[in-house]
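Asks: Dropping the sequence and predicted coords here.
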Amino acid sequence: MRKVWLVICLVIVMVGIAIVGLKTFNRPPQRSHTMTISSPDFSNNGRIPDKYTCKGDNVSPALKFDLVPDGTKSLALIIDDPDAPGGTFNHWLVWNIPAATRDLPEAWPASGAVAGTNGFGRAAYGGPCPPPGHGPHHYHFKLYALDNNLALPAGATRTKFNQAIKGHVLDQAELVGTFER
């Protein structure tokens, strides 16, 4: 009798495992944070060439986006410097970049998108320009995949941007470049 109960219990456990396994097998794969941002002009944690800074032409570097998630309605990009003496300094704030965008060319004028006010007081790209002798600064290029277009006017602040994206970020990616004068 004991053997019969043991076999019955074993069968029940195996059927339970099989059911759980089938449910897991048939479940659609969960998408992890896989979106990427890169630049052909510098590597992650690499030095940003002078051309893209106040020492050069002060134009935006080329950027590439990969693995943007399904359901993305728009992209947003922030470049900031958390090493700035007065706290995080915003160098570029752009939103409503078309969702199908995968490359931004060098010196991209933010056409088809909306630019917010950077730390220089302009709604445009402002390249790295740390104080001379302050050591290397880290510039964070942050890409956001959003489930909507933001209803923010041109020139909006970073604070307004942060409020507007709450609850709308599908994925995000980051590229870091360094620069010192």
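Replies: Nice, I can see it.
Asks: Helices of this protein, start to end?
Replies: Using DSSP state H, the helices of the chain run over 2-26, 158-165.
Asks: Any idea which of those helices has the lowest pLDDT on average?
Replies: Lowest mean pLDDT within the helices of the chain: helix 2-26, a mean of 53.
Asks: Geometric centre of the protein: which residue is closest?
Replies: Leu143 (2.5 Å; C-alpha atoms, centre = their mean).
Asks: residues contacting that residue?
Replies: Residues near Leu143 by C-beta atoms under 8 Å, 6 or more residues apart in numbering: 35, 37, 63, 65, 75-77, 172-175. The way it works is simple: take the backbone N, C-alpha and C, and place the C-beta from them, glycine included.
Asks: can you tell me how far it sits from Ser39?
Replies: 11 Å (C-beta to C-beta, to the nearest Å).
Asks: Isn't Gly119 up against Leu93?
Replies: No - with contact defined as C-beta atoms under 8 Å, Gly119 does not count as touching Leu93 (9.5 Å).
Asks: Looking at those two, which is more packed in?
Replies: More crowded of Gly119 and Leu93, by other C-beta atoms under 10 Å: Leu93, with 28 against 19.
Asks: Chain neighbours aside, what residue packs nearest to the residue nearest to the centre of the chain?
Replies: Using C-beta to C-beta, 6 or more residues apart in numbering and skipping the chain neighbours, the partner closest in space to Leu143 is Ile37 (4.3 Å).
Asks: and if you look at Lys160?
Replies: Leu152 (5.9 Å).
Asks: just Gln172 next, same as before
Replies: Counting by C-beta to C-beta, 6+ apart, Gln172 lies nearest to Tyr144, which is 5.0 Å off, once chain neighbours are set aside.
Asks: need the helix or strand of the protein with the lowest average pLDDT.
Replies: helix 2-26 (a mean of 53; mean pLDDT, DSSP states H and E).
Asks: picking that back up, burial check on the residue nearest to Gln172, number of neighbours?
Replies: Residues near Tyr144, counting by other C-beta under 10 Å: 21.
Asks: and it, what does it touch?
Replies: 75-78, 165, 169, 171-172.
Asks: still on that earlier bit, torsion angles phi and psi at the residue nearest to Lys160?
Replies: Backbone dihedrals for Leu152, given as degrees, to the nearest 10, come out at phi -110, psi 140.
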